[in-house]
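[1] Need a 3D model of the sequence below.
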Amino acid sequence: MARILRLREAVEELVRDGDTVALEGFTHLIPVAAGHEIIRQRRRDLTLVRMTPDIIYDQMIGAGCARKLVFSWGGNPGVGSLHRFRDAIQHSWPVPLEIEEHSHAGMANRYVAGASGLPFAVLRGYKGTDLPAQTSTIKMIECPFTGEELAAVPAVNPDVGIIHAQQADRQGNVQMWGITGVQKETVLASSRSLVTVEEVVDELTPRPGAVVLPKWAVSAVAEVPGGSHPSYAQGYYDRDNAYYQQWDPIGRDRETFEEWLQTEVYGAERSA
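    Presented below is the predicted three-dimensional model:
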């Protein structure tokens, strides 16, 4: 049964140095506050997994949390590059960063395999690309039934899966709605899981098309209003497009980034 914890307590208990950690959210409901708390607790040597790492992973990489990134696309959506990510790749600052690159379909299938308890996933993909030659976790195999050449990718089973959602009840059942990516699969594939939510309510109101994660599938829930800002939470607040634009000059310069880190993350302890 999921426990209701403060964000600081949840990260302190669930996220450990050297862990494989997935913070998932697809444009919507990105667990930014949880990422900032990981930075504040100075976690190190993490393998960060995400289909579409954007500015929260840029910030975590720049803060020295990561040793490896497993992903399928990275950038500041609508703006441009992730400059802390690029600095780590090109100049090993603040620490060297290893990368493992997949396609969106490959990553999604890896999460599904992990959530299903399977060792790997099979898909039609990667043929005609350079990725199999560059990524050791892509293997071309022959279908035993048709002889067709297919791609196999290993399951993703993070030590910790972290997502943001709109609501949880007091027993730890979680409900999210709107655009969702692989949040459900991330939680089910992970050994431990944390869901930050906009609010904890007495009872969840059924919503058409909503994703419900039962309390037995979640390790901890933390109530963090605004926890996905600057991304958006449908029904609560809109995407802060200006924030993404403002991040570009901050992320470009090491000194400016470090000043931002001290002021906006280390100096901004959340009450949640």
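[2] Could you give me the buried positions within stretch 62-75?
    62, 63, 64, 65, 66, 67, 69, 70, 71, 72, 74 (16 or more other C-beta atoms under 10 Å). To be clear about C-beta, it is placed using only N, CA and C from the backbone, and glycine gets the same treatment.
[3] those helices in the stretch 1-150 of the chain, which residues are they?
    7-14, 32-40, 55-62, 83-91, 104-116, 131-134 (DSSP state H, counting those that start in this stretch).
[4] Which one of these lies nearest to residue 179?
    helix 104-116 (14.3 Å; C-beta to C-beta).
[5] just how off-centre is stretch 234-241 within its chain?
    In terms of C-alpha atoms, centre = their mean, to the nearest Å, the centre of stretch 234-241 is set 18 Å apart from its chain centre.
[6] Alpha carbons of that stretch, in PDB - could you do that?
    Output in PDB follows, covering the C-alpha atoms of stretch 234-241 (Å, rounded to 0.1, in the frame of the first residue of the first chain):
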ATOM      1  CA  GLN A 234      -4.700  19.400 -17.100                       C
ATOM      2  CA  GLY A 235      -7.400  20.800 -15.000                       C
ATOM      3  CA  TYR A 236      -4.900  22.700 -12.800                       C
ATOM      4  CA  TYR A 237      -2.600  25.000 -14.700                       C
ATOM      5  CA  ASP A 238      -1.300  25.600 -18.200                       C
ATOM      6  CA  ARG A 239       2.200  25.100 -19.700                       C
ATOM      7  CA  ASP A 240       4.600  28.000 -18.800                       C
ATOM      8  CA  ASN A 241       6.000  28.600 -22.300                       C
END
